[in-house]
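Student: show me the folded form of this:
(2 chains)
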Amino acid sequence: NAGVTQTPKFRVLKTGQSMTLLCAQDMNHEYMYWYRQDPGMGLRLIHYSVGEGTTAKGEVPDGYNVSRLKKQNFLLGLESAAPSQTSVYFCASSYSWGSGSGYEQYFGPGTRLTVT
Amino acid sequence: GNSVTQMEGPVTLSEEAFLTINCTYTATGYPSLFWYVQYPGEGLQLLLKATKADDKGSNKGFEATYRKETTSFHLEKGSVQVSDSAVYFCALSDRAAGNKLTFGGGTRVLVKP
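Tutor: Predicted coordinates:
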């Protein structure tokens, strides 16, 4: 049971380049989330998904797109990277509310992205 | 909207000292409350949680009580160790919208031998 995994761990992009971050979970969780972490600002929700094929915007969605084609995977895309997107990105997953199995979020190890 | 405010760090302590990190929240409805811990270079791990008023969450010697009257969820530990050095995040969960978490800004704790 690997929990939540993220690839890649590190990435450097030039302004205007695109990339996709992959998140995978093996806990059969319904809900998945993407956060970014910036110094002194805690974690801010970018997008989230409450089930396969569904996505919704979080607090800071601009400049990002997501897809949830399979229940276990949640992809975060940057179409045209900007220096303001330099950050550490965390993926998380949880059971749905009321599932009786707990609803806390489980986090991946993070992806450190630098945009120059 | 929902918000979480926690004390700014860094907090520097000596080993075996008492630790308190204040956390207050603003929320509509009845949120669940969490403390997450982030060790250097790692992701966040759930430390403890409380789902309703007056619940006490506890784990690894840490405790926090859900106080609805003061909208607070302060984290405490009676005797810290060097291994407790980390960043601690208070958070609340909005069950009405996909269990979204709203985080405080984090408090860095440094425990010196």
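
Student: the worst-scoring helix or strand of chain B on mean pLDDT near chain A anywhere?
Tutor: The weakest-scoring helix or strand in chain B, judged by mean pLDDT, DSSP states H and E, is strand B:100-103 (a mean of 87). Yes. With CB under 8 Å from any CB of the partner chain as the measure, strand B:100-103 is seen reaching chain A through B:100-101, B:103. For glycine as for every other residue, the C-beta is placed from the backbone atoms N, C-alpha and C.

Student: counting by contacts, list what the helix or strand following that strand packs against.
Tutor: Per DSSP states H and E, the first helix or strand lying C-terminal to strand B:100-103 is strand B:107-112. For strand B:107-112, the packing partners by 3 or more CB pairs under 8 Å, 6 or more residues apart in numbering or on different chains; DSSP states H and E come out as strand B:11-14, strand B:19-21, strand B:86-94.

Student: which residues does the residue lying closest to B:Tyr30 once chain neighbours are set aside contact?
Tutor: Nearest residue to B:Tyr30, sequence neighbours excluded (CB to CB, 6 or more residues apart in numbering or on different chains): B:Lys52, at 7.0 Å. Contact analysis of B:Lys52 by CB atoms under 8 Å, 6 or more residues apart in numbering or on different chains lists B:30, B:32, B:66.

Student: Three-state assignment for the first one, please.
Tutor: Secondary structure of B:Tyr30, reduced to three states by DSSP: H, G, I helix; E, B strand; the rest coil: coil.

Student: please apply the same query to the one 5 residues further on.
Tutor: The local conformation at B:Trp35, judged by three-state DSSP, is strand.

Student: quick one on the thing from earlier: can you lay out the residues of strand B:100-103 next to chain A as TSV showing neighbour count and distance to A:Lys14?
Tutor: Shown next, in TSV, are those (neighbours: other CB atoms under 10 Å in any protein chain shown; distance: CB to CB, whole Å):
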residue	neighbour count	distance to A:Lys14
B:Lys100	22	32
B:Leu101	27	32
B:Phe103	22	30
